[in-house]
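Student: please find the sequence and the predicted model below.
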Amino acid sequence: MSTVAVETLDAIVVGAGFSGLYQLHTLRDQLGLSVKLLEAGNGVGGTWYWNRYPGARCDSESHSYAYYFSEELLQEWTWSERYPGQAEILRYLNHVADRFELKRDIRFGARVSQASYDAAANRWQVRTEAGETYRARFLITAVGCLSSANIPDIPGLESFAGAWYHTGQWPHQGVDFAGKRVGMIGTGSTGIQAAPVIAASAQHLTVFQRTANYSIPARNAPLDEEFKLWARDNTSRIREVMHGTPNGHPFVIEDRSAHDVTPEQRQAIYEAAWEKGGLQFRAAFRDLLTDQAANDTASEFLRSKIGEIVKDPGTAAKLAAIDHPFATKRPPIDTNYFETFNRDNVTLVDVRATPIERITPDGLMTRDGTLYPLDIIVFATGFDAMTGPLLKMDIRGDGGVSLRDAWHAGPITYLGLQTPGFPNLFTITGPGSPSVLCNMPVAIEQHVDWITDCIRDMRARGLTRIEATPEATQRWVEHVNEAANATLLPKAGHSWYLGANIPGKPRVFMPYAGGMARYRATCADVAARNYEGFARTA
Ligand code: NAP
């Protein structure tokens, strides 16, 4: 009979992206806990480890897509472009992991398959797919919001004679598109980034569009020395701005309504924002996400831009046939996306009008019987967002209740941090927190700091168990719904914010839309009131 070694720790962190790395650092180096970080991949980076598709780049500006907890780290790292590319972010996260000596406490290639709470011992037991077992008082999931790939169930995929890839599971050695007929399904942020790069080397690219999308030019460019110096000299000011805004970006939302200006002034404001590029477009007026008529002005402007760029009127009409208000789905930013449809080797197929019927050995067939011959299919089809990565782990709380059952009608959390029945389990940027509606590192640092302070406080008071109360959780879930309904965000009925991209998933608006600054104040207030809404015991 063989005995299986069980490693016992103070805390287990799952996931070595932005959030897990920082959480490992604070628990180990600030609190002195024994911590193990379990990571499915063979390196750090999280989303930036997996998403190596052509054109992968962040839409937060580089000086804000970074940790702000260490001034030394801020001073020693310099970004090269306005938006950081995937490879540069991966280098940065490796630098962070090396600088703070994090890798020695990370177990790579360890995908968590089950986590269960042992009430008698007040400990979590975590098992990996390889059969390793770890036990710890605290379990912190840092698994990201967009890490569970959605590969649509299209009949015939297994018969396809060519190669196919999901953008979120991209081969590390890259894909050579030269001389290939490529079909790409999906026109979200990912597809919009990938299409121009694929088109540049493929023999032909066919883009299968189900829902037309807005996109704003990123205007990416190398950063000049003056900006780099300014960013380095102004870290406190930048942090202050990011912490004060609803979405954690380093720019303020203009305090004016789209109705406060004349149509000519509005046009000029939009033109200037279009020229400047990036997510700042959304900040041109304060009411773009709360007032339909205000939003209509932005939506109209952006549709008209598509008409100006795309030469073929039929293609332009399909690209501009957008069925939801601007920014109610996550707004993509691009480099030459609409321009790509002016290339001779690019075709747009509207699969809302003629849905995908099946995949054959030779390509993709739409319902009207047209076969598009393909050598490569790229699935830019998104993720089972927010809840997907958590539910995949088969988490079982007090009494063996599964998180899947607890969330059968949609995620139920207090502050996005905890779920009743799952003591000592914390989720970083989980559903019910601003997460994906915020510049992620800002949301992550706030969550990690809050969790760290909470555990520090428990240890100081000799407490070992914390669980969100059902009453506080109920009130928070209602507040999350109210916050979403106070905006236009739920109007994009098919968005992943609502879980609507996954067949059978409950339709609940998952992120907290009340704004990061307000959320930060709420969490601080909860802590100041002796962790109101949490039951903490010895
Ligand atoms: P996504 O926004 O969910 O887009 C998926 C696309 O695939 C949509 O166009 C969707 O159409 C389409 N699709 C899905 N299933 C389909 C099917 N069966 N048939 C036809 N079309 C199908 O996913 P994503 O583009 O990967 O982006 C996800 C999120 O990741 C973004 O919103 C953003 O938060 C993040 N991201 C950020 C960056 C960045 O920082 N620059 C880059 C990439 C991703 P429908 O709209 O009709 O469902």
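Tutor: That came through, no problem.

Student: Arg518 belongs to a helix?
Tutor: Yes: assessed with DSSP: H, G, I helix; E, B strand; the rest coil, Arg518 lies in a helix.

Student: OK, contacts around it?
Tutor: The contact partners of Arg518, by Cβ atoms under 8 Å, 6 or more residues apart in numbering, come to Pro246. Where C-beta positions appear, they are placed from N, C-alpha and C, glycine not excepted.

Student: and the helix of greatest length in the chain, what's buried?
Tutor: Counting residues, the longest helix in the chain under DSSP state H turns out to be helix 440-461. Buried residues in helix 440-461, counted by 16 or more other Cβ atoms under 10 Å: 440-455, 458.

Student: same check, this time on stretch 244-256
Tutor: Residues of stretch 244-256 classed as buried: Thr245, Pro246, Asn247, Gly248, His249, Pro250, Phe251, Ile253, Glu254 (neighbour count, 16+ other Cβ under 10 Å).

Student: please enumerate the helices of the stretch 51-200 of the chain.
Tutor: Ranges of helices in the stretch 51-200 of the chain, per DSSP state H, counting those that start in this stretch, are 71-76, 86-99, 189-201.

Student: return the most buried member of those helices.
Tutor: Comparing these by mean neighbour count (mean count of other Cβ atoms under 10 Å), helix 189-201 ranks first with a mean of 23.

Student: the helix or strand just after that one pairs with which strands?
Tutor: With elements assigned by DSSP states H and E, the helix or strand that comes after helix 189-201 is strand 204-209. Partners of strand 204-209 in the sheet, by DSSP bridges, are strand 181-185 (parallel), strand 346-350 (parallel).

Student: redo the helices of the stretch 51-200 of the chain as a markdown table? Include mean pLDDT and distance to the ligand.
Tutor: Converted to a markdown table, those look like this (pLDDT from 0 to 100; distance: least, Cβ to the nearest ligand atom, whole Å):
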| stretch | mean pLDDT | distance to the ligand |
| --- | --- | --- |
| helix 71-76 | 98 | 21 |
| helix 86-99 | 98 | 9 |
| helix 189-201 | 98 | 3 |
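
Student: can you give me the strands in the stretch 301-450 of the chain?
Tutor: Under the criterion DSSP state E, counting those that start in this stretch, the stretch 301-450 of the chain contains strands at 333-334, 346-350, 356-359, 363-366, 371-373, 376-379, 395-396, 425-427.

Student: okay, those strands, which one's buried deepest?
Tutor: Stretch with highest mean neighbour count among those: strand 425-427 (a mean of 26; mean count of other Cβ under 10 Å).

Student: now the stretch 101-250 of the chain, which segments are flagged as low pLDDT?
Tutor: Nowhere does the stretch 101-250 of the chain drop to pLDDT under 70.

Student: pull the distance from the longest helix of the chain to the chain's centre.
Tutor: 20 Å (Cα atoms, centre = their mean, to the nearest Å).

Student: which elements pack onto it?
Tutor: When contacts are defined as 3 or more Cβ pairs under 8 Å, 6 or more residues apart in numbering; DSSP states H and E, helix 440-461 sits against helix 18-25, helix 516-528.

Student: what lines up beside whichever helix or strand comes after that helix in the sheet?
Tutor: For helix 440-461, the following helix or strand on the C-terminal side (DSSP H and E) is strand 465-468. Paired neighbours of strand 465-468 in the sheet (DSSP bridges): strand 534-537 (antiparallel).

Student: contacting residues around the partner strand?
Tutor: Strand 534-537 has contacts (Cβ under 8 Å, 6+ apart) with 414, 418, 458, 461, 463-469, 472, 526.

Student: can you pull the buried residues of that strand?
Tutor: Within strand 534-537, the residues that count as buried by 16+ other Cβ under 10 Å are Phe534, Arg536.

Student: just give the closest residue to whichever residue of the stretch 51-200 of the chain sits closest to the ligand, not the sequence neighbours.
Tutor: Using Cβ to the nearest ligand atom, Gly188 is the residue of the stretch 51-200 of the chain that sits closest to the ligand, at 2.3 Å. Using Cβ to Cβ, 6 or more residues apart in numbering and skipping the chain neighbours, the partner closest in space to Gly188 is Gly382 (5.6 Å).

Student: circling back: just give me the closest of the buried residues of stretch 244-256 to Glu478.
Tutor: Pro246 (20.0 Å; Cβ to Cβ).

Student: how many other residues sit next to the nearest residue to Tyr519 once chain neighbours are set aside?
Tutor: Of all residues not flanking Tyr519 in the chain, Pro434 sits nearest, at 5.1 Å (Cβ to Cβ, 6+ apart). Other residues near Pro434 come to 28 when the count uses other Cβ atoms under 10 Å.

Student: residues of the stretch 301-450 of the chain that sit close to the ligand?
Tutor: Within reach of the ligand by Cβ under 6 Å from any ligand atom, the stretch 301-450 of the chain has these residues: Arg330, Val351, Ile356, Ala380, Thr381, Gly382, Phe383, Val436.

Student: can you do 5 Å?
Tutor: Arg330, Thr381, Gly382 (Cβ under 5 Å from any ligand atom).

Student: returning to that earlier point: which among the helices and strands packed on helix 440-461 is found nearest to the ligand?
Tutor: Nearest of the helices and strands packed on helix 440-461 (Cβ to the nearest ligand atom): helix 18-25, 12.6 Å.

Student: quick revisit: figure out which of the strands paired with strand 204-209 is closest to Asp59.
Tutor: With Cβ to Cβ as the yardstick, what comes closest out of the strands paired with strand 204-209 is strand 181-185 (19.0 Å).
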